[in-house]
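What follows is a predicted structure for the sequence shown.
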Amino acid sequence: MAKEVICDMTKGSPMKHIIIFSIPLILGNLFQVFYNMVDSIIVGRTLGVEALAGVGVAGSLHFLVIGFSSGITSGFGIIVAQRFGANDPEGVRRSVAMGTVLNLCFSILLTSVSVGFTMPILKWMHTPADIIQNAYDYIVVIFMGISATMFFNYLSCIIRALGDSKTPLYFLMIASATNIILDFVFILFFHMGTAGAGLATVIAQALSGLLCLLLIVKKFPMLHVKRKHWRWDSRFAWIHLRLGLPMALQFSITASGVMIVQSVLNGFGSTIVAGYTAANKIEQLITQPLIAFGVTMATYIGQNYGAGNAERIKQGTKSCMLLVTLFSVFGSLLIFFFGSGFTKIFVGNGQTDVIAAARTYLVITCFFYLILGYLIMFRNTLQGMNNSIVSLLGSGTELISRIIFAILLSKYLGYAGVCFASPFAWTTAGILYIVQFIFDIKKFKKQLAKRYTQPQHPDKKMTADAH
């Protein structure tokens, strides 16, 4: 046990835990987004605007499928965090084994379905003829490597569940360098086009997963499973699916809205699509701290929920809100004043129409980063408290809002109307999450008070199952 690199977030300063845990996550996310951006930069600079637009169109499909897999693995990781917070080492190991089996099943299913339906969906999205092949070549390779992506995501989730967010960062740094090198090799030397960019990403993900596995073997005895932990338990499987599936569907529902927006956007031509693609890549980079705070809260809340500590949940939420506010305001100012300069990295100075399209999107959305930050934070907080159903409902609200605003506003404001769709969707879902959190924390405190005032069997534990 002494060799384990774990962090018990049920004790000590909530603000200190959140900051220390978030810093490696922020850096790791930036590296991950960076090597995804490298795909787009190299594609845009070497293969042209049409290829860049193709990668952009594929982005919504990528979000649909890979987002689903990320939701599944994140949900399973929260169960591990709850078991750890409840001081249940055997429960941790059983959860790791169950999550591994379920991840294997889902990786097979997702690979089969996504590869088969890629081209029909691209056609349904009215992808322009000059970019559809580039989009297909890129994303179908990504989908063929779903198992590698899920392998890395799940192992990194269970490592973070025990409070270690630092060591996976080193693996992402290695993977980033690998991805960049392979991008140049596959695109410039082997002339594989957008498929080469996709293949580089898959190999980098597989490498990160392998390194995570080696770390677990050497430094995390608590995660070492034995034959007895592989025993199938339908009830325990359902505990994982009850949290993982809504989180996965949440990503897919949100992605469905993004796909519909993308189909509306495709009607404006490949130049606008390329500008929108570059702007989204920049936005992803700037908002990574907000995403990192959300992941941190899922672990922090999961541990304290398992420990039955409502007061620390409230304290951690207030601390995280302050951090989200500071980073959101900084990101908004950075994008407003320097967004156009960032766009030139993707396409160069000569593509003025592409740069203008990117600028339009960034200026509209940057004023809503604070709302986006709260949305991400409270969604993950609710998931850490086992309320993944409301997260799913919030995603449905986001979907409906995004579709309605994209279709209606595009008729009156054109491309700018499409850009307003995401901020309005963030607002509607964010309000729902905040209201639900206020309700849930009050409910949880009442449940705890009732438990502490009623006589209990000595062996009864406050575990994730009890909630």
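Looks like it came in fine. Only a predicted model underlies this, so the values are computations on that prediction, with no experimental measurement involved.

Averaged pLDDT, stretch 218-226. What do you get?
Taken as a whole, stretch 218-226 has an average pLDDT of 89.

Quick check: buried residues in that stretch?
Under the neighbour-count criterion of 16 or more other CB atoms under 10 Å, stretch 218-226 has 219-220, 222-223, 225 buried. Where C-beta positions appear, they are placed from N, C-alpha and C, glycine not excepted.

could I get the residues you listed as a markdown table with secondary structure and distance to His240?
Listed next are the buried residues of stretch 218-226 as a markdown table, based on DSSP: H, G, I helix; E, B strand; the rest coil; distance: CB to CB, whole Å:
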| residue | secondary structure | distance to His240 |
| --- | --- | --- |
| Lys219 | helix | 24 |
| Phe220 | coil | 19 |
| Met222 | helix | 18 |
| Leu223 | helix | 16 |
| Val225 | coil | 14 |
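
which two from the residues you listed end up farthest apart in space?
Lys219 and Val225 (15.4 Å; CB to CB).

Packing partners of the helix or strand encompassing Thr118?
Taking DSSP states H and E as the criterion, Thr118 maps to helix 89-124. Counting contacts by 3 or more CB pairs under 8 Å, 6 or more residues apart in numbering; DSSP states H and E, helix 89-124 packs against helix 49-85, helix 132-144, helix 146-161, helix 234-266.

Save the buried residues of stretch 218-226 as a markdown table, and put in distance to Phe236 too.
Below are those laid out as a markdown table (distance: CB to CB, whole Å):
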| residue | distance to Phe236 |
| --- | --- |
| Lys219 | 26 |
| Phe220 | 21 |
| Met222 | 18 |
| Leu223 | 17 |
| Val225 | 13 |
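
Out of those residues, which comes closest to Ile404?
Using CB to CB, Leu223 comes nearest to Ile404 of those, at 44.7 Å.

what sits against the closest one?
Contacts of Leu223 were listed using CB atoms under 8 Å, 6 or more residues apart in numbering, and they are 92-93, 96, 158-159, 162, 216.

please redo it, this time with the cut-off set to 7 Å
Counting by CB atoms under 7 Å, 6 or more residues apart in numbering, Leu223 makes contact with 92, 96, 158, 216.

again with Tyr433
Counting by CB under 7 Å, 6+ apart, Tyr433 touches 375, 378-379, 382, 394.

Just the buried ones out of those residues, please.
375, 378-379, 382, 394.

Farthest-apart pair in those residues, please.
Leu375 and Leu382 (11.0 Å).

Looking at the buried ones among the contacts of Tyr433, which one is closest to Gly54?
Leu375 (29.4 Å).

Where does pLDDT dip in the stretch 151-300 of the chain?
Residues of the stretch 151-300 of the chain that meet the criterion pLDDT under 70 are absent altogether.

switch the cut-off to 80
Filtered on pLDDT under 80, the stretch 151-300 of the chain yields the residue ranges 165, 167-169, 172, 250-259, 262, 270, 277.

Between helix 49-85 and the strand or helix carrying Gly275, find me the angle.
For Gly275, the host element (DSSP H and E) is helix 270-286. With axes from the mean of the first three to the mean of the last three CA atoms, to 10 degrees as the basis, helix 270-286 and helix 49-85 are set at 30 degrees to each other.

List the neighbours of helix 270-286 that are in contact with it.
Taking CB under 7 Å, 6+ apart as the rule, helix 270-286 contacts 30, 33, 37, 40, 49-50, 52-53, 55-57, 59, 128, 130-131, 265-266, 331, 334-335, 339, 342-343, 346-347, 353-358, 361-362, 365, 415.

pLDDT weak spots in the stretch 1-150 of the chain?
Ranges of the stretch 1-150 of the chain meeting pLDDT under 80: 1-7, 28-46, 48-50, 52-60, 62-63, 125.

thinking again about what came up before, show me which of the contacts of Leu223 is closest to Ser22.
Ile158 (18.3 Å).

Identify the spatial nearest neighbour of that closest one, chain neighbours not counted.
Nearest residue to Ile158 in three dimensions, chain neighbours excluded: Val80, at 4.9 Å (CB to CB, 6 or more residues apart in numbering).

How about the contacts made by that neighbour?
92, 95-96, 158, 161.

Please repeat the previous calculation with a cut-off of 10 Å.
By CB atoms under 10 Å, 6 or more residues apart in numbering, the contact list for Val80 reads 91-96, 98-99, 154, 157-162, 222-223, 240, 299, 302-303, 306, 464.

can you check Phe31 too?
Neighbouring residues of Phe31 by CB under 10 Å, 6+ apart: 169-177, 179, 208, 288.

tell me which element it is part of?
helix 14-46.

distance between that helix and the chain's centre?
12 Å (CA atoms, centre = their mean, to the nearest Å).

Likewise for stretch 375-383?
12 Å.

Give me the phi and psi for Leu47.
The phi and psi values for Leu47, taken as degrees, to the nearest 10, are phi -100, psi -20.

since we're on Val363, how many residues are nearby?
Residues near Val363, counting by other CB atoms under 10 Å, number 16.

Could you check the pLDDT of the nearest residue to it once chain neighbours are set aside?
Closest residue in space to Val363, ignoring its immediate chain neighbours: Phe336 at 6.4 Å, by CB to CB, 6+ apart. The model reports Phe336 with a pLDDT of 91.

Hmm, Phe336 is touching Leu362, no?
Yes - in this structure Phe336 lies within contact range of Leu362 using CB atoms under 10 Å: 7.8 Å.

Chain neighbours aside, what residue packs nearest to Ser422?
Thr365 (6.1 Å).

Can you report how many residues lie near that neighbour?
Using other CB under 10 Å, Thr365 is surrounded by 23 other residues.

and if you look at Leu334?
15.

so it makes contact with Pro289?
No - Leu334 is not in contact with Pro289 according to CB under 10 Å; the separation is 11.4 Å.

quick revisit: can I get the helix holding Gly275 as PDB, trimmed to CA atoms?
What follows is helix 270-286, C-alpha atoms only, in PDB (Å, rounded to 0.1, in the frame of the first residue of the first chain):
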ATOM      1  CA  SER A 270     -16.400  24.200 -47.400                       C
ATOM      2  CA  THR A 271     -14.800  27.600 -46.700                       C
ATOM      3  CA  ILE A 272     -17.200  28.300 -43.800                       C
ATOM      4  CA  VAL A 273     -16.800  24.700 -42.600                       C
ATOM      5  CA  ALA A 274     -13.000  25.100 -42.500                       C
ATOM      6  CA  GLY A 275     -13.300  28.300 -40.500                       C
ATOM      7  CA  TYR A 276     -15.800  26.700 -38.100                       C
ATOM      8  CA  THR A 277     -13.400  23.700 -37.800                       C
ATOM      9  CA  ALA A 278     -10.400  25.900 -36.900                       C
ATOM     10  CA  ALA A 279     -12.500  27.900 -34.400                       C
ATOM     11  CA  ASN A 280     -13.700  24.800 -32.700                       C
ATOM     12  CA  LYS A 281     -10.100  23.500 -32.300                       C
ATOM     13  CA  ILE A 282      -9.100  26.800 -30.700                       C
ATOM     14  CA  GLU A 283     -12.100  26.700 -28.400                       C
ATOM     15  CA  GLN A 284     -11.300  23.200 -27.400                       C
ATOM     16  CA  LEU A 285      -7.800  24.300 -26.400                       C
ATOM     17  CA  ILE A 286      -8.900  27.400 -24.400                       C
END
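
Many thanks, we can stop here.
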